[in-house]
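> Model the structure of this input:
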Amino acid sequence: MNGVLKTVNNALEECKSKKLPNELWQYEHGEDAINTSDAEYRSWENSLPVLLKVISAAGLGKLDIVFEYPAIGTAGRMDAILIGTNQNGENTLVIFELKQWSYIGKPDEVDVEDSLYIPLDVAVPISNGKYVVRRHPLEQVKEYKDSLLAYNSVVKGKKNTDVQAVVFMHNCIDTDKLISDRYKAWFKDSNLIFGEDDFEKLERKLSGLLTSQMNHQFALNFVKAEYKLVLADLSGLKDALDGKRNANMIFEQKNVDKFVQEKMRQLRYARTHNKRSHKQMIVISGDPGTGKTIVGLHLLYAYVKIFNRDINVDSVISHSSSGIKKATTEIFRQVKATYALPRSKTVHAVIAKEIKLSVPYLFDSDIPEDGDVVIIDEAHRIQNIDKELGLVFNRADLVIILQDDKQRVLPSEKGTVASFKDFARGKEIEFFPQNLITQERSGLQGNIVKCLDSLLYGSEEKISLKSPLKLKVFETPIQLEHFLKVDALENQRSRNKLIAPFDWEWKPKGISIKVGQKYFTKDWNPGSRRDQAEWYLSSGKQSVDSGEIDKVGCIYTVQGLEFDNVGFIWGKDFKWNSAEKRWKFDLNFLKDETLRDELSNISSEDAINIMKNIYRILLTRATKGLGLYFLDKDTEQHVRSVLKI
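Coordinates of the predicted model:
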């Protein structure tokens, strides 16, 4: 995480010589020349000394304080966090959001330059009747606090840690405007905002939150912490329908979420005023691990709240005598919003196993009529766009599509952004593309997907792998298996899996690799949907004792899912040709008849791209550790060279 760590007294002394603002500039901007006119620099120069004097006057000058601490929830940084111990002896963090604003205006009464939509926005004067719109500072500190509690490895789940938040606007005399009239929703947090006349009040606040006792070791641990992001569990689908908040999102997800919610509110307005609503398609694209499902499930929750249609899922299921499929259809019919899949049998089976809901497929007739919203996950797998989307738009006005062009694993899958756009244009449907970029798997998985894209698809850019994901190459498949089983025996929640391409026939003990004078043999994962769910959900020692960890996953059963540790066997169907310096595929090693037949009927260029997609998906299922075993040495050498492993 880092940030710049000081004691309050030292930081205050360094402000006098401008050493602190200069150091913060270097921390933020590297070797760029210091720009003393920069707004950020002026904030460090003007606001920090005022804050530090107040903290010192509260008798807390010996405590540690960290500046510019990363804030994953907003993509920015927190101005300052005071670190100490509260009256109960708990580790305590006090987050400060500093504002130099002197006056609060009303955006609906003035000429606002920036019309970016932000809930509870604030108009801040910049010159002669001109204003810019900024987020409400209480909203900011709430997001900062939530992100620490949800994601920070030193804070998350720790019962002996207290997190507080404060807004300090030392130039502002009318802070009451931020908690009244159009901002009255924030009145409940009025004790967190302090203005020009509130210095002594803030001193008393801080004295009540913290003792003067230093907590330096906790401070050191805090600046070395990691953000541990966890993707949405599929059980979040039930929470969404029950009207329960089901996901924490980071900045870009929130931006997409706000955009779609505005479309939902427009739809609700049309419904309540008996006005005609337009058909709309929103395509949310993102690489593996960017949280498309998080956004999709949260949008279902948002819809339920906006339309006031939360439902007791357990009650509907318990009173249904027709099985979970019809019960699920009835739930979606009552809510008027549906979460659907193109195919993805394992994802379907896991949802059915975990929360007793049978998510409809697009080709089913189970998507209720007269709905408002349909959310389609794994939409890159759609094969007949005209037929399947035609059916969906006959039953809903707003369709939200979650997809990734590079996750098409069969040539017959047509779910690309371009195809969706063409369909929308042909049907005169409003089309809105949205993108997710930040990697979340493995708790900010770093740039591993970008590096894999460089490895597989080629790139002029030189990329160094930077990821907390543990990546290791093993000499034998036995060692690869050992890596997974040792971790499973030590960690009861570890969901570890062997996965492989279709280099072996689908039959008992179909996977066979010669190791010395013996053979390493494994079964493929189960064929039935119920058993696939058991295989996916098995973890820890139970997965070893039951033998589930010995079953190998394929592309069809792992796509759309994630695991803790993955052992990937890199086959001979997709190899690096060192002489020609390019990737090649070999149908002779490909044993899946459907895939082989489809690849043989398209161009070599299209076929190699499908193979790249398959390997990209298989290589991005892990959240903690990825072990690799190669059947082809040239491929191993090339991968080691590019990824530097």
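
> can you tell me which helix or strand residue 556 belongs to?
Residue 556 is part of helix 555-558, with elements assigned from DSSP states H and E.

> before we move on, what about residue 359?
Using DSSP H and E, residue 359 falls outside every helix and strand.

> Kindly report the same for residue 629.
In this structure, residue 629 sits in strand 622-630 according to DSSP H and E.

> how far does that strand sit from the chain's center?
Centroid separation between strand 622-630 and its chain, computed with CA atoms, centre = their mean, to the nearest Å, is 20 Å.

> ok, back up a step: just list what the helix or strand following the helix holding residue 556 packs against, helices and strands only.
Going down the chain from helix 555-558, the next helix or strand is strand 563-570, by DSSP H and E. For strand 563-570, the helices and strands in contact under the criterion 3 or more CB pairs under 8 Å, 6 or more residues apart in numbering; DSSP states H and E are helix 477-490, strand 496-499, strand 622-630, helix 633-643. For glycine as for every other residue, the C-beta is placed from the backbone atoms N, C-alpha and C.

> got the buried residues for the last one?
Neighbour-count burial for helix 633-643, counted by 16 or more other CB atoms under 10 Å, picks out 635-636, 638-639, 642-643.

> ok, which pair from these is furthest apart?
Among those, the pair separated by the greatest distance (CB to CB) is 635 and 643, at 12.1 Å.

> Identify, from the buried residues of helix 633-643, the entry nearest to residue 574.
Taking CB to CB as the measure, residue 574 lies nearest residue 635 of these, at 8.0 Å.

> Can you get me a residue count around the nearest residue to that closest one once chain neighbours are set aside?
Closest residue to residue 635 apart from its sequence neighbours, by CB to CB, 6 or more residues apart in numbering: residue 576 at 4.5 Å. Per other CB atoms under 10 Å, the neighbour tally for residue 576 reads 21.

> Helix, strand, or coil at residue 513?
Put simply, residue 513 is strand when judged by DSSP: H, G, I helix; E, B strand; the rest coil.

> Pull up the gap between the nearest residue to it once chain neighbours are set aside and residue 509, please.
Taking CB to CB, 6+ apart as the measure, residue 513 lies nearest to residue 520, with 4.5 Å between them; neighbours along the chain are not counted. Here residue 520 is placed at a distance of 10 Å from residue 509 (CB to CB, to the nearest Å).

> likewise residue 597?
Distance of residue 597 to residue 509, computed by CB to CB: 25 Å.

> in the stretch 351-500 of the chain, which spans are strands?
Counting by DSSP state E, counting those that start in this stretch, one finds strands in the stretch 351-500 of the chain at the ranges 373-376, 398-403, 430-436, 470-473, 496-499.

> wait, residue 207 sits on residue 57?
No: with contact defined as CB atoms under 8 Å, residue 207 and residue 57 do not form a contacting pair (9.4 Å).

> Quick one: neighbours of residue 171, just the number.
Using other CB under 10 Å, residue 171 has 14 other residues around it.

> and if you look at residue 504?
Count around residue 504 with other CB under 10 Å applied: 22.

> And the pLDDT at it?
For residue 504, the pLDDT comes out at 95.

> Can you tell me how far it is from residue 521?
Plainly put, residue 504 is 10 Å away from residue 521 if you go by CB to CB.

> In the protein, where's the longest helix?
Identified as the longest helix of the chain according to DSSP state H is helix 251-272.

> Please identify the buried residues of that helix?
Residues of helix 251-272 classed as buried: 252-257, 260-261, 263-264, 267-268 (neighbour count, 16+ other CB under 10 Å).

> likewise stretch 144-160?
Result for stretch 144-160 [16+ other CB under 10 Å]: buried residues 144-145, 147-148, 150-156.

> Could you give the number of residues near the nearest residue to residue 377 once chain neighbours are set aside?
In space, residue 377 comes closest to residue 402 once its chain neighbours are excluded; the distance is 4.9 Å by CB to CB, 6+ apart. Each residue near residue 402 was counted by other CB under 10 Å, and the total is 27.
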